[in-house]
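In: I'll drop the sequence and a predicted model, then ask my questions.
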Amino acid sequence: MSVAVAKVAVENTVYHFDKLFDYRIPTSLLSEAKEGCRVLVPFGTANSKRQGMILERTEQEGEPDQKLKPIESVLDKEPLLTPEALQMIPWIGEHTFCTLFDAARLFFPAGILFQVSTEYLLAGPAGEIAAKAGEGEEARIVAYLSRRRAVRRDKLLRDVGLAADSSLPERMLRKGLLQKNSVTFRKVGDATRKMVRFTDPQELPKLTPRQKCALEVLRGAGCASLKEICYFSGVTPVVVDALVKKGAAQYFDAEVYRNPYGDVPEGSSSPPAKLTAEQDEAYRNLYSQYRAGQGGVSLLYGVTGSGKTQVFMRLIDRVLEDGRGVIVMVPEISLTPQTISLFHARYGAGVAVFHSGLSLGERLDEWKRVRNGDASIAVGTRSAVFAPFQNLGLIIMDEEQEGTYKSESSPRYHAREAAKYRCAYHKCLLVLASATPSVESYYHAQAGRYTLNVLSERYGSAHLPEVDVVDMNGEAEQGNAGILSGFLAESLRENLRNGMQSILLLNRRGYNTFVSCRSCGHVATCPNCSISLTYHAANNRLMCHYCGYSVPFTRECPNCREEQMRYSGFGTQRAEQQLAELLPEARILRLDADSTMTRFAYDKKLKQFSEGAYDIIVGTQMVAKGLDFENVTLVGVLSADQSLYGDDFRSYERAFDLLTQVVGRSGRGKFTGRAVIQTFTPENDIIRLAADQNYAEFYRREIALRKSLLYPPFSDICVIGFVGRREEKVRAASEAFFTLLCTTARDDYADQPLRVLSPSPALVGRVSNRYRYKLILKCRDNKRIRRMISDLLIRFSSDRSYSDVTVFPDMNPETIL
């Protein structure tokens, strides 16, 4: 005798207790409980109902284990996970130190997952229960439920005025006053359209003239939506209802997609742009690697404006001809509008869009379009790497060096590593494209792990812009306290007179970056975070850009009570104001997180800029990359020094990337471009190399520094983070973990080379009233090291004295905590 057993990843488990849990599959569910389906299972000693995912299904010989709990219900008609996803979930769990269910979440849009909720109802007739119940809160609950059937716990507590964590329903359950049920529901349902079909009865019933008219339309169409029947026959829905009641028609629901880009025209059939010799060589190399069917990674390195997009779009054409899917990733939402427009113009409705700017319903339906084969290209941000293609042929990561490809919350995966896994599984090609590749990617290309294709010149007649570096120390000596140097101000005037457009980068939003007292020196800081508040002129408030705290600005110092509070530093709001005063005739567009909070605001504003509605964009780093406007012939960097002196080993790399990319926005068409970089350290080599667009020399210097200090790619870095509400407890937890790590590494992992830096406060030591410490390991990200870290997390979690401190590892984070 054999028993069917499902190995289930259960929702809301903790890491140190996470595994695949065995559940017996009842005979009634044998045909439904498939690998990749979601199920409802009893969990824990209380047998509370939780959602789970079947990752494996096995047969156990012998009598059924009576301790083995049965699956209660199957939530999906067909598996949601592909065989590839079933293999990839444990890999993600191992590499990112997350639970298996959290890893599974990555493969679904947010709206598709069920939520399990508890409902309460009276355990008997209302009169009997009221007689047994006490007064006050118990009586209120009985009176409330006596007028209703089952009510969800959260709604019950809210409606009777109890706290969300009240235990009263559970106490009444134990007293026999209430019963409870577990129910599953989804935040977002499938979108459907009410349809009507002709039933073709043998004998038509007696119909009114209006009913006959509607039936004629329906008979001709076979089936149509209720709205269409009413429109084309000029009747109301009541008439169609009558046809259904008389048996001449039948209602049914048809699923429709909530498409945010529903007005997309058919793709263009015009021939693609002619490739240059360099582009053609790169394309042929990439296509040859793709056709080899061995998978692999290729780095497409090209200077800004060299036409990398044209190369990989030509490659996409060939992959689509083979009937295979394509994923195109961009690093952030702000870079998607032009990319999406480009792909829609070429491939029409065959493009699905994946990013967090869409509603939950739209994200769900874009996911379905890919899963059902209605879209062959997925364009989006980091999450697009998990688009549910069954036959994947190509993944492209544009601007591959960007840190936003790395998730900062659990699961802490990097889209590049997930893409490598998928390409190995499908034997398809991963193309990393950038004008400023990450040091690690370029190193791997130089070492032969990746193939390398180079575009050294701009496309067509375009040339790299001329760059001027302005020493702001001289401006200060001449009494210029403004944000614009005289040289840049005059360049903007000249560009405006010539009818050309300009882009200005200032990577600080708000009006002023900090506020301090000139009497006692007090700096206005956030009460929840160890960070200064930023002044926003639009609402006359001081705001924290970490937790969102805000307070009205006042001249009175809270420390010494003098009227001496003054703001200092420059943000995008102040830059916008000074530009308006300097160039009153200019039409200025500010682009930052504050001005693009509404849905699709960024798309609309960029479209207006491309149509000539604005002369100047001033914005944060969202204006530095991915934008391609022919009329932009001047770019200005208002404060180059902000990005140069950061807190970790990638500071110079980020600064070079940002400066090179923003300079590259100028002169991308037929007009000659210029760029102006304002700095207080004009002698800095990074500024000079970015001005020259000299990546090769930057890489030569940076890789030598990385090697001498043993930084990636010569080692991996794992940061162990500690977060809690009491600083002394967080510090003690980090020190205890450090001691356990040293002992474990010496006793059990002596074969693994490790360099460990002792615990220290995070750069921003407190965020949202939670203190943060870090522990840094230089190691090799291999199976043994991952096992060591996992064992440490499990052992440390067993010490209940630190139960109120959250501990999390992050392998190769983009920024050190």
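Out: The structure has been received and is ready for your questions.
In: The stretch 451-600 of the chain: strands as residue ranges?
Out: With DSSP state E, counting those that start in this stretch as the criterion, the stretch 451-600 of the chain has strands at 451-455, 466-471, 501-505, 514-517, 534-536, 541-543, 550-552, 565-568, 588-591.
In: weakest of these in terms of mean pLDDT?
Out: Mean pLDDT is lowest for strand 565-568 among the strands of the stretch 451-600 of the chain, at a mean of 76.
In: Identify each buried residue in that strand, please.
Out: Neighbour counts using 16 or more other CB atoms under 10 Å place 565, 567 of strand 565-568 among the buried residues. Every residue, glycine included, has its C-beta placed from N, CA and C.
In: Also stretch 83-95?
Out: Buried-residue list, stretch 83-95, by 16+ other CB under 10 Å: 84, 85, 86, 88, 89, 92, 93, 95.
In: Tell me which of these fall in helices.
Out: In helices, defined here by DSSP state H, the members of these are 84, 85, 86, 88, 89, 92, 93, 95.
In: which one of the buried residues of stretch 83-95 sits closest to residue 60?
Out: Distances from residue 60 to those, taken as CB to CB, are shortest for residue 86 (19.9 Å).
In: What residues does residue 765 make contact with?
Out: The neighbours of residue 765, taking CB atoms under 8 Å, 6 or more residues apart in numbering as the test, are 530, 727, 771, 772.
In: try 6 Å
Out: Residue 765 makes contact with residue 530, according to CB atoms under 6 Å, 6 or more residues apart in numbering.
In: Equivalent analysis for residue 495, please.
Out: When contacts are counted by CB under 6 Å, 6+ apart, residue 495 touches 502, 634.
In: What of residue 697?
Out: When contacts are counted by CB under 6 Å, 6+ apart, residue 697 is found next to residue 689.
In: phi, psi of it?
Out: Dihedral angles of residue 697 (phi, psi; degrees, to the nearest 10) stand at phi -70, psi -40.
In: C-terminal to the host helix or strand of residue 733, what's the next element?
Out: Using DSSP states H and E, residue 733 falls within helix 727-748. Using DSSP H and E, the helix or strand that follows helix 727-748 in sequence is strand 755-767.
In: and the angle for that next one with helix 727-748?
Out: On the basis of axes from the mean of the first three to the mean of the last three CA atoms, to 10 degrees, strand 755-767 is oriented at 160 degrees to helix 727-748.
In: Okay, domains of this protein per the record?
Out: 1-187, 192-255, 277-455, 466-513+569-705, 716-811 (automatic domain parsing).
In: Now that we have those, can you turn them into TSV and tack on distance to residue 817?
Out: Output for these, formatted as TSV (distance: least, CB to CB, whole Å):
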stretch	distance to residue 817
domain 1-187	15
domain 192-255	44
domain 277-455	10
domain 466-513+569-705	10
domain 716-811	4
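In: closest one to residue 546 among those domains?
Out: Among the domains of the chain, the nearest to residue 546 by CB to CB is domain 716-811 (5.2 Å).
In: now that closest one, how far from the chain's geometric center?
Out: 26 Å (CA atoms, centre = their mean, to the nearest Å).
In: Show the average pLDDT along that domain.
Out: pLDDT averaged over domain 716-811 gives 93.
In: ends of that domain, how far apart?
Out: Taking CA to CA, to the nearest Å as the measure, domain 716-811 stretches 7 Å from start to finish.
In: Same question for stretch 214-228.
Out: 10 Å.
In: buried stuff in it?
Out: Neighbour-count burial for stretch 214-228, counted by 16+ other CB under 10 Å, picks out 214, 215, 217, 218, 224, 228.
In: which one of the residues you listed sits closest to residue 515?
Out: residue 228 (60.2 Å).
In: which SS class is the closest one?
Out: The three-state label given to residue 228 by DSSP: H, G, I helix; E, B strand; the rest coil is helix.
In: again, but for residue 33
Out: Classified using three-state DSSP, residue 33 is coil.
In: Need the max-distance pair from the buried residues of stretch 214-228.
Out: Pairwise distances across the buried residues of stretch 214-228 (CB to CB) peak at 13.9 Å, for the pair 215 and 228.
In: What sits closest to residue 738 if chain neighbours are left out?
Out: With sequence-adjacent residues excluded and distances taken as CB to CB, 6 or more residues apart in numbering, residue 738 is closest to residue 759, at 5.4 Å.
In: what's the neighbour count on that neighbour?
Out: 20 (other CB atoms under 10 Å).
In: Contacts only, for it.
Out: Going by CB under 6 Å, 6+ apart, residue 759 touches 734, 735, 738, 773, 775.
In: The helix or strand where the last one lies - contacts with which helices or strands?
Out: In this assignment (DSSP H and E), residue 775 forms part of strand 770-779. Helices and strands touching strand 770-779, by 3 or more CB pairs under 6 Å, 6 or more residues apart in numbering; DSSP states H and E, are strand 716-724, helix 727-748, strand 755-767.
In: how big is the angle separating it from helix 727-748?
Out: Relative orientation of strand 770-779 and helix 727-748, computed by the same axes, to 10 degrees: 20 degrees.
In: Strand 770-779: what's the following helix or strand?
Out: Sequence order places helix 783-797 as the next helix or strand after strand 770-779, per DSSP H and E.
In: okay, the angle between that following helix and strand 770-779?
Out: 150 degrees.
In: which secondary structure elements does helix 783-797 contact?
Out: Against helix 783-797 (3+ CB pairs under 6 Å, 6+ apart) you get no helix or strand.
In: what comes up buried for that helix?
Out: 785, 786, 788, 789, 790, 792, 793, 796.
In: And the residue nearest to the second one when sequence neighbours are not counted, how far from residue 308?
Out: So that's residue 786. What sits nearest to residue 786 in space, not counting adjacent residues and going by CB to CB, 6+ apart, is residue 94, at 5.9 Å. Distance check for residue 94 against residue 308: by CB to CB, to the nearest Å, it reads 34 Å.
In: pLDDT weak spots in the stretch 251-400 of the chain?
Out: Within the stretch 251-400 of the chain, the segments meeting pLDDT under 70 span 253-271, 334-337, 356-357, 359.
In: so where do the helices sit in it?
Out: 277-291, 308-321, 336-347, 360-371 (DSSP state H, counting those that start in this stretch).
In: which of those is buried the deepest?
Out: Neighbour counts (mean count of other CB atoms under 10 Å) averaged over each of the helices of the stretch 251-400 of the chain peak at helix 360-371, with a mean of 22.
In: Is residue 179 part of a helix or strand, or is it coil?
Out: strand.
In: Now it. Nearest residue, chain neighbours left out?
Out: That would be residue 123: by CB to CB, 6+ apart, it lies 4.8 Å from residue 179.
In: The one you found: neighbour count?
Out: Neighbourhood size, residue 123 [other CB under 10 Å]: 17.
In: For residue 172, see how far away it is.
Out: Separation of residue 123 from residue 172 (CB to CB) stands at 9 Å.
In: Now the common contact residues for these two.
Out: By the contact definition CB under 6 Å, 6+ apart, residue 123 and residue 172 are jointly contacted by residue 178.
In: and which of the buried residues of stretch 214-228 is nearest to residue 55?
Out: Nearest to residue 55 among those, with distances taken as CB to CB, is residue 224, at 42.9 Å.
In: give me the beta-bridge partners of that closest one?
Out: For residue 224, the beta-bridge partners under DSSP bridges are residue 196.
In: quick one: it from residue 349, how far?
Out: Distance from residue 224 to residue 349, counting by CB to CB: 21 Å.
In: Could you do residue 48 as well?
Out: 44 Å.
In: same question, residue 448
Out: According to CB to CB, residue 448 and residue 349 sit 41 Å apart.
In: Then residue 469?
Out: For residue 469, the distance to residue 349 - CB to CB - is 47 Å.
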